[in-house]
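> Need the 3D shape of this:
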Amino acid sequence: MTFFEIIYTQIFIFRFQMRILYIFFIFLQKFIFKIRMPFNCQNYRFSIGEHYNKTVIFVHFPYNSLWQKELKEKFPAGKWSASKKCWYLPDSNAIRNEIGMPPKTEPGKAVISQIHPVNLAALKRMHELLLLKAYSPNTIKTYCNEFSQLLYLLKDSPVDSLTPKRLRAYFLYCITKLKLSENLIHSRMNAVKFYFEQVLRREKIFFEEIPRPKKKSTLPKVISKNDIVKIFAQVNNLKYLLMLKLCYGMGLRVSEIVNLKITDIDSRRMLVLIESAKGKKDRCVPLPASILDDLRIYYRTYCPKIYLFEGQYGGQYAIRSVQSVFKNAMRKAKINKVVGIHGLRHSYATHLLECGTDMVFIRKLLGHKDIKTTEIYAKVSNRQLGNIKSPLDDL
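Just a heads-up that it's a prediction; the model follows:
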């Protein structure tokens, strides 16, 4: 070897050794940082506020590169706000728990706290009876919130002394002044009716004097198969994609998706148990064969513990987050239909009907109590309507 070749070889070896040393130093720095620098809430000041019309948690701290890195590693969802000159996090109970903040106050609790003591006992009796009758948490929450609106308006007037005439005037006020929708009026009437008939044991004739608003006869919003393919194509995250595919592929409600547990999936029998669904009913639905491989990859990647889809900090995945995933996919796919994630369930039933599946089986798959609820999909199915020819085409 010549003198220059020896020098060149030595330089190459030296540069290679320095590169290895640099990589080792970076690795050691990260390792020491993770071990010696655990997340310390005392370094930060947290406050609740609004940003882009959303409630968020603002994070304030003196500039420190290590604290900033610590925050970003602990909460990947954290973002910097140029207008507020601080970091902010999504306002969720999981994050509140991590930083030692009290859980979010439910909207109804703000009204309950302002109810006069005269009527607090009535609300308590109603809540206890709902628990004894084993109503679902959502129903209990809805009934108590709607009944609280009446109690709040009554101030120090006892609710037990209300007559049908005064209740009629109250619901008229809800329609004319508050401009509540028909569905919300029905919900409020059901709550008040429950109190007077179930708690106070008043005769049913007491409430029959109050007419109910006529409900709108709406048809389910269906998404075409081509549009569903476009929606799926816009989702790159495996977890998000599986959520949407299972909603459509098994006709699930969004509440059923987040309630799915790992033990509910039987890959040998290709069945999924939907436990304690709407009406506290269990049912089994077939697992789509096309999704099995993706499910196995997802399980090995994310390693869920209890629920099939878990949040960033464990526990059940938030319903609003799943709805947001669908909304974003719709926007990216440039589908302008005004339809929520429940449209995937409607599409599942409609497409099954169009493929010739018997209505009785569709009812069982959807978990409907009455076949009449399932029959509405015949009104939007293209199987029969598609064969009808308009007289305009014959001109």
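
> Which parts of this protein are strands?
For the chain, the strands defined by DSSP state E cover 45-51, 54-60, 79-81, 86-90, 265-266, 271-274, 283-286.

> elements contacting the second one?
Based on contacts counted as 3 or more CB pairs under 8 Å, 6 or more residues apart in numbering; DSSP states H and E, the elements that strand 54-60 packs against are strand 45-51, strand 86-90, helix 93-99. Backbone N, C-alpha and C define where each C-beta goes, glycine included.

> Export the last one to CSV, keeping only CA atoms.
In this case it means helix 93-99. In CSV, the C-alpha atoms belonging to helix 93-99 read as follows (Å, rounded to 0.1, in the frame of the first residue of the first chain):
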residue,chain,number,x,y,z
ASN,A,93,-60.3,12.8,31.2
ALA,A,94,-57.4,10.5,30.4
ILE,A,95,-55.0,13.5,30.1
ARG,A,96,-56.6,15.3,33.1
ASN,A,97,-55.9,12.2,35.1
GLU,A,98,-52.2,12.1,34.0
ILE,A,99,-51.6,15.8,35.0
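
> What lies in contact with it?
Here helix 93-99 makes contact (CB atoms under 8 Å, 6 or more residues apart in numbering) with 41, 44, 46, 57, 74-75, 89, 102-104, 311-315.

> For Ser321, give me its contacts.
Counting by CB under 8 Å, 6+ apart, Ser321 touches Gly311.

> coming back round to it: ranking the helices and strands packed on strand 54-60 by mean neighbour count, which comes first?
Comparing the helices and strands packed on strand 54-60 by mean neighbour count (mean count of other CB atoms under 10 Å), strand 86-90 ranks first with a mean of 19.

> Just give me the neighbour total for Ile223.
Ile223 has 21 neighbouring residues, counting by other CB atoms under 10 Å.

> And it, how far from Gln316?
With the distance defined as CB to CB, to the nearest Å, Ile223 ends up 26 Å from Gln316.

> and what of Ile175?
Taking CB to CB, one finds Ile175 at 37 Å from Gln316.

> Kindly report the same for Ile265.
For Ile265 relative to Gln316 (CB to CB), the value is 16 Å.

> buried ones in stretch 382-395?
With burial defined by 16 or more other CB atoms under 10 Å, not one residue of stretch 382-395 is counted as buried.

> and that stretch, how far apart are its ends?
Stretch 382-395 has its terminal residues 24 Å apart, counting by CA to CA, to the nearest Å.

> can you map out the helices along the stretch 51-200 of the chain?
For the stretch 51-200 of the chain, the helices defined by DSSP state H, counting those that start in this stretch cover 65-74, 93-99, 107-112, 117-132, 137-154, 164-176, 182-194.

> so which of these comes closest to Arg253?
Nearest of those to Arg253, taken as CB to CB: helix 137-154 at 11.7 Å.

> So which bits of that closest one are buried?
For helix 137-154, using 16+ other CB under 10 Å, the buried residues are 140-152, 154.

> What of stretch 211-220?
By 16+ other CB under 10 Å, the buried positions in stretch 211-220 come out as Pro213, Pro220.

> Make 831 the starting number, not 1.
New numbering, starting at 831: the last item is stretch 1041-1050.

> How far does it sit from its chain's centre?
25 Å (CA atoms, centre = their mean, to the nearest Å).

> Averaged pLDDT, stretch 1121-1137. What do you get?
For stretch 1121-1137, the mean pLDDT works out to 92.

> Okay, the closest residue to Ser1017 other than its chain neighbours and Ile1206: tell me how far apart.
Distance criterion CB to CB, 6 or more residues apart in numbering; nearest residue to Ser1017, sequence neighbours excluded, is Glu976 at 5.6 Å. Separation of Glu976 from Ile1206 (CB to CB) stands at 26 Å.

> any idea how far Glu1012 is from Thr1093?
According to CB to CB, Glu1012 and Thr1093 sit 41 Å apart.

> Likewise for Ile1015?
Look at Ile1015 and Thr1093: by CB to CB, they are 41 Å apart.

> the more surrounded of the two?
The neighbour comparison of Ile1015 against Thr1093 (other CB under 10 Å) goes to Ile1015, with 18 against 10.

> Against Thr972, how distant is the more buried one?
Ile1015 sits 13 Å away from Thr972 when distances are taken as CB to CB.

> How about His881?
Counting by CB to CB - His881 and Thr972 are separated by 29 Å.

> same check, this time on Lys1045
17 Å.

> what's the answer for His1016, then?
His1016 is 11 Å from Thr972, by CB to CB.

> got any ranges where the protein has weak pLDDT?
Scanning the chain with the threshold set as pLDDT under 70 gives 831-838, 842, 844, 846, 851-868, 935-940.

> If anything else comes up later, I'll come back, but that's it for now.
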